[in-house]
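Colleague: Got a predicted model here, sequence first, then my questions.
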Amino acid sequence: MGRFDAVETAWRQYDAAYDAMATHVHSLVTRLANGLQAPEVVAEQGALTTAVEAAVVALAEALTGYQTGWDGFTKAVGARVSSNTEVKRLDALISALSADREMRAITAYDAVLDQSKALMQEAEAYLQKKQVELLGARGDEVRGWYDLMNPGADVGYDGMEPGTDHVKLHARSFGVRMGAAANLSECQLNCLGLAVWMMRATTPGSPFGFVVFDDPIQSMDDDHTEAFIGSVVPQLLDGHGKQVIVLSHVERVVTRLRELNKARSLRVYNFDAYSAAGPVITTEVKLKKLISEIKTFADGNEAHRTMAVDRLRVLAEQFIRELHAKVQGVPAPAEYDNAKPSELLKLFRTIPGTLPAEHDGLKDTVGFADPAHHTEVGYAAPTKANILTHLNRIECLMRKHGM
C-alpha cells in the first residue's frame, strides 16, 4: 500500500497547488487595480507556477513508482504459481487490468499537464494585459514631464512597451514612431530619463516627501535647462508637494534657482575642501564670495578693475536683498525682482535699523559702480585704492548688521 499512498499524497499536493493557482488567477482583477501590487503579483505567479510544476512532476514520479511496484508484484506471483493454469488465466486478467491502470494514469497525467499549461497561459495573458494598461497610464505621466522640458518640440515621447525583462521606450518624430534609445539626442534622452524617474518619484502613495537631483542638466542646452528650472521644479514643489534637492556644479543653475524661488523656504549649501574625512559643508555666503572676487579683480589690469567695479554693483544689490530678508524675515517684494541697484536703494531706506548716513554712503557706492556696468564711452577703470574704499564701506555695513 506504500506506493498507492504515495500516489494519493502526490495527487493531493497537485490538487492543492492547482486550487492555489486558480484562486490567484481569479484575484488578479482586484489586486492589479492597484498598480503598486504588480511586483508582488508577478512574484506570487512565479512561485505558484513552480509549485504546480513540482506537483505535476511528483505525481508522475509516484505513478511511475506504483507501476514499477505493480510489475514487480505480478512477476513474483507469476513465478511462484506459473504451473497453475487458472492462475495463469488470472495473471492474464491482472495484466490487462494493469494495462488499464497505466492507460488511466497516462490519461490523468496528460490532463494535469493540459490544465496546468492552460492555467499558466491564462495568468500570463492577463498579467501582460494589465501591464500594458498600467504602462499606458504611467506613460501619460512620463509624456507630461517630458513635454514640460520640451515645449512644442517636433520630437516627443510616444509610449512604453513591456518586454520580457525590460521596458522599451518609444519616441515620435514628425509622425514616425521609433525607438527612443537609438534615435534621440543626448539632451532628449536626458529629458526622457528624468521624465521616467519623476513619474516613479511622484507615484501616489510614495512615502518619500522629497526628490533629489544630481546634476540634472547634463547634456542640456540653455532652453532645456531653463525649462527644467522654470517648469519642472515648480511642478514638483506646487503640483506634488515635494521638497526638491538639487546638486549642481554649475553656478548659473544655482543662481537661477535662487532667483526663481526667492519667496520659498530656500537653502543653499556649498561643499568645499574635500578630504578623506569628507567635504566641508557651509551655508552659501554669496556676499563673501563676491567680496573675494572683487579683491582679486582689483589687483589686475584695467579690464579686471572694470570687472571689479561691476561686481561691486552686484554686491550692493545682493547686500540690500539679503539684509531685507534677514531683518524683515521675508524676501524683497516681487516688485523688486528685476530692480536695478539704484531702485533697490528705496528698499534699503525702508529696512528698520538703517541710518541716513548709511543710505547716503550706499547711494554713493552704487553711483560709483554703475558706469562700469553700462561701459559708458570714455570710461576709465578706477584705481585699486578707490575700488577697495567702496568695498570697505559695504563690508562695514555687513559687520554692523551682523552679516
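Modeller: Looks like it arrived, so ask away.
Colleague: Need the per-residue pLDDT for the closest residue to residue 233 other than its chain neighbours.
Modeller: Spatial nearest neighbour of residue 233, chain neighbours left out: residue 244 (5.6 Å); criterion: CB to CB, 6 or more residues apart in numbering. In short, each C-beta sits where N, CA and C put it, glycine included. Looking at residue 244, its pLDDT stands at 94.
Colleague: Who are the contact partners of residue 244?
Modeller: Listed by CB atoms under 8 Å, 6 or more residues apart in numbering, the contact set of residue 244 reads 210, 211, 213, 233, 236, 237.
Colleague: Direction included, what does the helix or strand hosting it pair up with?
Modeller: According to DSSP states H and E, residue 244 maps onto strand 243-247. Counting by DSSP bridges, the strands paired with strand 243-247 are strand 210-214 (parallel).
Colleague: Distance-wise, check the closest residue in space to residue 342 that isn't next to it in sequence relative to residue 145.
Modeller: In this structure, residue 342 finds its nearest non-sequential neighbour in residue 366, 5.7 Å apart by CB to CB, 6+ apart. Taking CB to CB, to the nearest Å as the criterion, residue 366 is separated from residue 145 by 43 Å.
Colleague: can you give me the strands in the stretch 151-300 of the chain?
Modeller: In the stretch 151-300 of the chain, the strands defined using DSSP state E, counting those that start in this stretch lie at 155-162, 167-173, 176-179, 210-214, 243-247, 269-272, 280-283.
Colleague: Quick check: residue 341 touching residue 370?
Modeller: Yes - at 7.1 Å, residue 341 counts as touching residue 370 under the criterion of CB atoms under 8 Å.
Colleague: in the stretch 101-250 of the chain, which ranges drop under the pLDDT threshold?
Modeller: 101-102, 127-128, 130-137, 162-165 (pLDDT under 70).
Colleague: Please enumerate the helices of it.
Modeller: 180-183, 186-201, 222-227, 233-234 (DSSP state H, counting those that start in this stretch).
Colleague: Same list (those) but as CSV, adding mean neighbour count and distance to residue 20.
Modeller: Shown next, in CSV, are the helices of the stretch 101-250 of the chain (neighbours: other CB atoms under 10 Å; distance: least, CB to CB, whole Å):
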stretch, mean neighbour count, distance to residue 20
helix 180-183, 14, 40
helix 186-201, 19, 32
helix 222-227, 16, 51
helix 233-234, 18, 48
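Colleague: Which of these sits closest to residue 255?
Modeller: Nearest to residue 255 among the helices of the stretch 101-250 of the chain is helix 222-227; the distance by CB to CB comes to 12.0 Å.
Colleague: Restricting to C-alpha, output that closest one in CSV.
Modeller: In CSV, the C-alpha atoms belonging to helix 222-227 read as follows (Å, rounded to 0.1, in the frame of the first residue of the first chain):
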residue,chain,number,x,y,z
ASP,A,222,20.1,76.6,-22.3
ASP,A,223,16.4,76.3,-23.4
HIS,A,224,16.1,72.8,-21.8
THR,A,225,17.9,73.9,-18.7
GLU,A,226,15.6,76.9,-18.3
ALA,A,227,12.6,74.6,-18.8
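Colleague: Name the surrounding residues that touch it.
Modeller: Counting by CB under 8 Å, 6+ apart, 148, 149, 150, 151, 187, 191, 217, 253, 256 sit against helix 222-227.
Colleague: Could you do stretch 364-371 as well?
Modeller: 309-310, 312-313, 316, 341-342, 345, 379, 382, 386, 390, 393-394.
Colleague: what do you get for stretch 294-312?
Modeller: Residues contacting stretch 294-312 (CB under 8 Å, 6+ apart): 290, 293, 315, 365, 368-369, 371-373, 375, 379-384, 387-388, 390-391, 394.
Colleague: how much space is there between residue 331 and residue 337?
Modeller: Counting by CB to CB, the gap from residue 331 to residue 337 is 9 Å.
Colleague: who touches both of the two?
Modeller: Common neighbours of residue 331 and residue 337 (CB under 8 Å, 6+ apart) are residue 262.
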